[in-house]
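K.L.:
Okay, here's the prediction I keep looking at, along with the sequence it came from:
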There are 2 protein chains.
Amino acid sequence: MSVSLDGFVAGLDQSRDQPLGVGGIRLHDWHFHPGDPAYEASEPVRDHLLRPVGAYIMGRNMFGPVRGEWDEDWRGWWGEEPPYHAPVFVLTHYAHEPIEMKGGTTFHFVTDGFVAAHEQARAVAGDGDVDIAGGASAVRQGFRAGLLDELMLDIVPVLLGAGERLLEDVGDPVLTPVEVVDSPHATHVRYRVGG
Amino acid sequence: MSVSLDGFVAGLDQSRDQPLGVGGIRLHDWHFHPGDPAYEASEPVRDHLLRPVGAYIMGRNMFGPVRGEWDEDWRGWWGEEPPYHAPVFVLTHYAHEPIEMKGGTTFHFVTDGFVAAHEQARAVAGDGDVDIAGGASAVRQGFRAGLLDELMLDIVPVLLGAGERLLEDVGDPVLTPVEVVDSPHATHVRYRVGG
């Protein structure tokens, strides 16, 4: 998760036109410049994000901007070939048939909560990781369910001042930094979660 | 400044008995174990904190817990030989004669704001650095005055959930991480401030 130094994963006024809210796009600058030497230090982190993953869990707002029933035409933000290449379990209150995309991504819609989504993801992931693709609410649900092994934070040297916080109402988990990748654009920290 | 991963420099209910508030002491665990191999990775940061500094600026609550007029008996939290060994300019609304301590520390009380304190500190610091000893409010005043060159953050993998935030109402300064020291107890990041 890319997070501002003051703790936000998105700015104010998230909308279909501005899914990351005011200023939120700045949190992702570090991975928009592959091949640019000025951004080389973040390369291992970009590579990690693109590694094969067994399955993903995704929050509803990350999949689509529509509140309420699904728009039948909506197939996610990522075009016909999303970058996941694995089953993606979308947390939602509205049932929907699975949507099969190109390149191995299938969106499944789970209406009975994070733990159920995690079980389904774990069942299909085999030896692969189950990753939370985002957003912040899905990560918080993972913390509250005690189902996170790792938290990857990209701490971006930007202050948004307001917006959606990541680490709020998740209790007091044991977190241990186990790896840091240092770049001028973000401090990437991998935390082990739990004792 | 030691800061929790959710952005707090102190927990709730700061008081004379509990100057860092509920849980706040956990933010300083990383520098309480000099010589302990488990805390060795933070050694360079502890050494940096103990280096000779030209002068300090200190917020009023960091110097003493008393609100209102000064208690004439109060000489700071640190005993007769504080660890500063330099002039310390304390921001306050209440004038007070300087207090000379052992070991080179003299507390001066400045009633006309951060910029004035900075001028006085700069004047006596010579070639040495002017450091903000803390607390959070003094750092925020430094940001707002545009007088910070560097911000040293010790990002501690602890969630306090509530308390005093550091990076709030300081605008949108340009911050660039220039050095990271990675330990299991804190991720120490030195930011350059300004373009």
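P.N.:
Noted; the coordinates are in hand. Numbers count the residues shown, from 1 in each chain, chains lettered A, B, ... in the order given.
K.L.:
May I have the phi/psi pair for residue A:56?
P.N.:
Note on residue A:56: backbone dihedrals following degrees, to the nearest 10 are phi -120, psi 150.
K.L.:
Then residue A:152?
P.N.:
Per-residue torsions, residue A:152: phi -110, psi 120 (degrees, to the nearest 10).
K.L.:
Test of understanding: give the bridge partners of it.
P.N.:
Here residue A:152 sits in beta bridges with residue A:190, going by DSSP bridges.
K.L.:
Please look at residue A:151 and residue A:188 and confirm they touch.
P.N.:
No. Applying Cβ atoms under 8 Å as the test, residue A:151 and residue A:188 come out as separate, 11.5 Å apart. Using the backbone N, CA and C atoms, a C-beta is placed for each residue, glycine as well.
K.L.:
what's the overlap in contacts for the two?
P.N.:
Residues touching both residue A:151 and residue A:188 (Cβ atoms under 8 Å, 6 or more residues apart in numbering or on different chains): there are none.
K.L.:
Nearest to the spatial middle of chain A, which residue is it?
P.N.:
Centroid-nearest residue in chain A: residue A:134, 2.3 Å away (criterion: Cα atoms, centre = their mean).
K.L.:
That one is in contact with residue A:1, isn't it?
P.N.:
Yes. Between residue A:134 and residue A:1 a contact is recorded at 6.5 Å, counting by Cβ under 8 Å.
K.L.:
which neighbours do those two share?
P.N.:
Common neighbours of residue A:134 and residue A:1 (criterion: Cβ under 8 Å, 6+ apart): residue A:9.
K.L.:
Show me the beta-bridge partners of the residue nearest to the centre of chain A.
P.N.:
residue A:58.
K.L.:
if I pick it, what's in contact with it?
P.N.:
When contacts are counted by Cβ under 8 Å, 6+ apart, residue A:134 touches A:1, A:9, A:58, A:59, A:62.
K.L.:
For chain A, which segments are assigned as strands?
P.N.:
Along chain A, counting by DSSP state E, strands occupy A:2-4, A:8-10, A:55-58, A:87-91, A:99-100, A:106-110, A:130-134, A:150-156, A:164-165, A:175-182, A:187-193.
K.L.:
Let's have those in CSV, adding mean pLDDT and distance to residue B:99.
P.N.:
CSV is the format used below for the strands of chain A (pLDDT from 0 to 100; distance: least, Cβ to Cβ, whole Å):
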stretch, mean pLDDT, distance to residue B:99
strand A:2-4, 98, 40
strand A:8-10, 96, 41
strand A:55-58, 98, 58
strand A:87-91, 98, 59
strand A:99-100, 97, 70
strand A:106-110, 97, 64
strand A:130-134, 96, 52
strand A:150-156, 98, 39
strand A:164-165, 96, 41
strand A:175-182, 97, 39
strand A:187-193, 98, 39
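K.L.:
what's the model's confidence in whichever helix in chain A runs longest, averaged?
P.N.:
Using DSSP state H to define each element, chain A has its longest helix at helix A:114-125. Here helix A:114-125 scores 98 as its mean pLDDT.
K.L.:
same deal with stretch A:29-46?
P.N.:
In this model, stretch A:29-46 carries a mean pLDDT of 92.
K.L.:
Do it and chain B come into contact?
P.N.:
No. Contact of stretch A:29-46 with chain B (Cβ under 8 Å from any Cβ of the partner chain) is absent, the minimum separation being 9.9 Å.
K.L.:
chain center to that stretch, what's the gap?
P.N.:
18 Å (Cα atoms, centre = their mean, to the nearest Å).
K.L.:
who's in contact with that stretch?
P.N.:
A:2, A:49, A:152, A:154, A:156, A:181, A:182, A:183, A:184, A:185, A:186, A:188.
K.L.:
got the contact list for the third one?
P.N.:
Read it as residue A:152. A:1, A:45, A:48, A:188, A:189, A:190, A:191.
K.L.:
Just give me the closest of those to residue A:129.
P.N.:
residue A:48 (10.4 Å; Cβ to Cβ).
K.L.:
Next, count neighbours for the closest one.
P.N.:
13 (other Cβ atoms under 10 Å in any protein chain shown).
K.L.:
What of residue A:150?
P.N.:
Number of residues near residue A:150 (other Cβ under 10 Å) recorded here: 14.
K.L.:
now the residue nearest to residue A:125 when sequence neighbours are not counted: how far from residue A:9?
P.N.:
Closest residue to residue A:125 apart from its sequence neighbours, by Cβ to Cβ, 6 or more residues apart in numbering or on different chains: residue A:54 at 2.6 Å. Distance of residue A:54 to residue A:9, given as Cβ to Cβ, to the nearest Å: 24 Å.
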